[in-house]
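[1] What follows is a predicted structure for the sequence shown.
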Amino acid sequence: MGFTEELYRRKTFGIISHPDAGKTTLTEKLLLFGGAIQTAGAVKSNKIKKSTTSDFMEIEKQRGISVATSVMSFEYRDKLINILDTPGHKDFAEDTYRTLTAVDSVIMVVDSVKGVEEQTRKLMEVCSMRKTPVIVFINKLDREGQDPFELLEEIEKELKIKTRPLSWPINRGSAFKGVYNLHRKNINLFKPSTQKVSDEIITLNDINDSELEKIVGERDAAKLREDVELIEGVFDPFSIEDYLAGDVAPVFFGSAVNNFGVQELLDTFLEIAPTPRGRETDKRFIEPTEQKMVGFIFKIHANIDPKHRDRIAFMRIVSGKFEKGKYFHHCRINKDFRFATPVTFLASDKNIIDEAYPGDVVGLYDTGNFKIGDVMTEGEDFQIRGIPSFSPEIFKELINTDPMKSKQLEKGITQLTDEGVAQLFTQQPGNRKYVGTVGELQFEVIQYRLQYEYGASCRFQPINLTKACWLRSSNKQKLEDFIRFKHTNIVHDKDDNIVYLAPNDWFLNMEISNNPDIEFHFNSEFKTERA
Ligand code: G4P
């Protein structure tokens, strides 16, 4: 198969949801359809259970599992599908945000009983920022959930995206009978089945066909016709272009655990989801069709075995062909590297690969040369846009408790933050270090790993800071004055950007209104920020 065929048969996406909505279950069902696994239960949930938050090794082990299932590739009807897994635990939300930079589209799972939840909202914000095409799968229709029209309204309002149902449920809960496929105009009857792929699809080409009564009964037939009429009247006709532009989200209803509605989702996904897309850089847009290889690192995972300090860096291929053993240029450190054992991931197996194409993710063994956002090319130098750091939510000062191990601590905290475990801000003079995370769990993980992997001991001192703002101004003097006056709250991030750490929203708003010449940004990459 030639390069172009390889490129256009790929679809790389992520499944996202609030924990417990059914992400793992849906992933597994898709793999079942794709034949990548044979039985249910083969995909381990990478959920980090609450009860284990104080057991660090358990956390790391569970994260280890999530490496194996980080990327799941399977072939289905000549297409090659790459599913990028995202951690469900909210303390690892940064990991998820970064993974979203490596996908071309997203399937968002919403629990029909609970509706839109906190993580759903945050994840959708990241998708909207990047205009990622989203398909919504409303799950657990076998439960007494909310009214489907109300759910759609809630999604539109809370997630700020237009929706367009492509399937419609016939009843829900114990009376759930199936879904009508508005796209293909056929009915898929519900038959609870956790292991097998349900294939009972009854095709009705006209919703007014009297067969409908025979299949679902008079009352439900009338209700379905009424609903469909309403849908066609209220919603605009489905437009693939609007979906691809990230302006409208097609919606499917089903029950993942019962394998229901999954086939329709997958079929439509294959039809409409985007093939690998290019990426914006600081110099120019990289088209996936370009012959020269470009890839960027979006995730780094440490080896949990302390005898092997190496890590796996996950690289998304943007253009060209990646080849085993070939030299590629590491833009940030201006050095060439080649990889003797690049791996891909197939369900729970890691396989050494010879080549990879745009849309693919390869795992590269790394001894500390990579950090998130690094770019590999065939010579050209640039940085990929769209991998911003977001303001952390919790800040603590890193205190060295063993002065003899300062070097180890410095190295350890640099490497761990390169991996994206947390963000590091440094204040001069004094070299004070502030660590920012989205969850308490990371502080425990960092402290443990510094001790265990680097032999450095530290403690974290709570500080009264709540937000990081990246500063910019066209008025150099005003910016310098601000930095001088506010020096106790001014730090530098790892890329030496100037950051203002705000004690609370009230202070921040005051600074913003008192300093109209200074821009305060809530992520490190202002160009992609939403207004
Ligand atoms: P997550 O990855 O989004 O966190 O969710 P996961 O798939 O682990 O699903 C969370 C729970 O919801 C699981 O139950 C799962 O079986 C259940 N579930 C998934 N899809 C459906 C559905 O369509 N209908 C119903 N009724 N339940 C569904 P659990 O009790 O937490 O785990 P398990 O013991 O069943 O595995």
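    Thanks, I have the structure now.
[2] what sits against residue 82?
    Residues near residue 82 by CB atoms under 8 Å, 6 or more residues apart in numbering: 10-13, 71-73, 359-361. Where C-beta positions appear, they are placed from N, C-alpha and C, glycine not excepted.
[3] between those, which has the most around it?
    Using other CB atoms under 10 Å as the neighbour criterion, residue 359 leads the contacts of residue 82 with 28 neighbours.
[4] I'd assumed residue 9 was in contact with it.
    No - between residue 359 and residue 9 there is no contact under CB atoms under 8 Å: 9.1 Å.
[5] hey, what's in contact with both of the two?
    With CB under 8 Å, 6+ apart, residue 359 and residue 9 have common neighbours 80, 275.
[6] Get me the contact residues on the stretch 301-450 of the chain for the ligand.
    Contact residues, the stretch 301-450 of the chain versus the ligand (CB under 6 Å from any ligand atom): none.
[7] From residue 522, how far off is residue 468?
    8 Å (CB to CB, to the nearest Å).
[8] Residue 502 too?
    Residue 502 is 10 Å from residue 522, where distance means CB to CB.
[9] and if you look at residue 81?
    Applying CB to CB to residue 81 and residue 522 gives a distance of 34 Å.
[10] Those two: who's more crowded?
    Between residue 81 and residue 522, counted using other CB under 10 Å, the more crowded position is residue 81 (25 against 15).
[11] So what sits opposite that one in the bridge?
    With DSSP bridges as the criterion, residue 81 is bridged to residue 11, residue 74.
[12] OK, contacts around it?
    Here residue 81 is in contact with 10-13, 30, 34, 73-75 (CB under 8 Å, 6+ apart).
[13] Now the closest residue to the ligand within the stretch 101-250 of the chain. Nearest residue, chain neighbours left out?
    For the stretch 101-250 of the chain, the residue closest to the ligand is residue 140, as judged by CB to the nearest ligand atom, at 3.9 Å. Leaving aside its chain neighbours, residue 140 sits nearest to residue 112 (5.0 Å; criterion: CB to CB, 6 or more residues apart in numbering).
[14] Return the residues in contact with the one you found.
    Counting by CB under 8 Å, 6+ apart, residue 112 has contacts 138-141, 143, 145-146, 148, 151, 172, 253.
[15] try it again with 10 Å
    21-22, 138-148, 151, 169, 172-173, 176, 253-255 (CB atoms under 10 Å, 6 or more residues apart in numbering).
[16] re earlier: so for residue 468 and residue 522, which residues contact both of them?
    390-391.
[17] now, which of the contacts of residue 112 lie within helices?
    Residues of the contacts of residue 112 located in helices (DSSP state H): 148, 151.
[18] can you list the domain ranges for the chain.
    Using automatic domain parsing, the domain ranges for the chain come out as 3-272, 279-377, 394-528.
[19] could those be laid out in CSV, adding mean pLDDT?
    Putting the domains of the chain into CSV (pLDDT from 0 to 100) gives the following:
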stretch, mean pLDDT
domain 3-272, 82
domain 279-377, 87
domain 394-528, 89
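[20] Output those in CSV; the columns should cover distance to residue 384.
    Shown next, in CSV, are the domains of the chain (distance: least, CB to CB, whole Å):
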stretch, distance to residue 384
domain 3-272, 8
domain 279-377, 4
domain 394-528, 10
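[21] rewinding a little: I'd like to know which of the contacts of residue 81 is nearest to residue 273.
    Of all those, residue 273 sits closest to residue 11, with 5.0 Å by CB to CB.
[22] Would you mind confirming that that closest one is in contact with residue 360?
    No - applying CB atoms under 10 Å as the test, residue 11 and residue 360 come out as separate, 11.2 Å apart.
[23] where do the contact lists of those two overlap?
    Overlap of the contact sets of residue 11 and residue 360 (by CB under 10 Å, 6+ apart) consists of 80, 82, 276.
[24] Can I get these in CSV including distance to the ligand?
    Converted to CSV, the shared contacts of residue 11 and residue 360 look like this (distance: CB to the nearest ligand atom, whole Å):
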residue, distance to the ligand
80, 24
82, 18
276, 26
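[25] Write out the residues of the protein neighbouring the ligand.
    Counting by CB under 6 Å from any ligand atom, the chain comes close to the ligand at 17, 19-25, 45, 47, 88, 139-140, 142-143, 255-258.
[26] What separation is there between residue 399 and residue 460?
    Here residue 399 is placed at a distance of 7 Å from residue 460 (CB to CB).
[27] which one of these two has more residues nearby?
    residue 460 (20 against 13).
[28] Could you find the closest non-adjacent residue to that one?
    Using CB to CB, 6+ apart, the closest residue to residue 460 is residue 396 (3.9 Å).
[29] Regarding that neighbour, which helix or strand does it belong to?
    In this structure, residue 396 is located in strand 394-400 according to DSSP states H and E.
[30] May I have the strands that pair with that strand, each with its orientation?
    strand 432-437 (antiparallel), strand 458-462 (antiparallel).
[31] And that strand, what's buried?
    394-398, 400 (16 or more other CB atoms under 10 Å).
[32] Next, the angle from the next helix or strand after it to strand 432-437.
    Downstream of strand 394-400, the first helix or strand assigned by DSSP H and E is helix 406-418. Relative orientation of helix 406-418 and strand 432-437, computed by axes from the mean of the first three to the mean of the last three CA atoms, to 10 degrees: 30 degrees.
[33] Run through the neighbouring helices and strands of the helix or strand just after helix 406-418.
    Sequence-wise, the next helix or strand downstream of helix 406-418 (DSSP H and E) is strand 423-427. Identification of packing neighbours for strand 423-427 by 3 or more CB pairs under 10 Å, 6 or more residues apart in numbering; DSSP states H and E yields strand 394-400, helix 406-418, strand 432-437, strand 490-492, strand 498-502.
[34] all strands of the stretch 201-350 of the chain, in order?
    201-202, 248-253, 279-280, 285-286, 294-302, 311-319, 322-323, 328-330, 335-337, 343-346, 349-352 (DSSP state E, counting those that start in this stretch).
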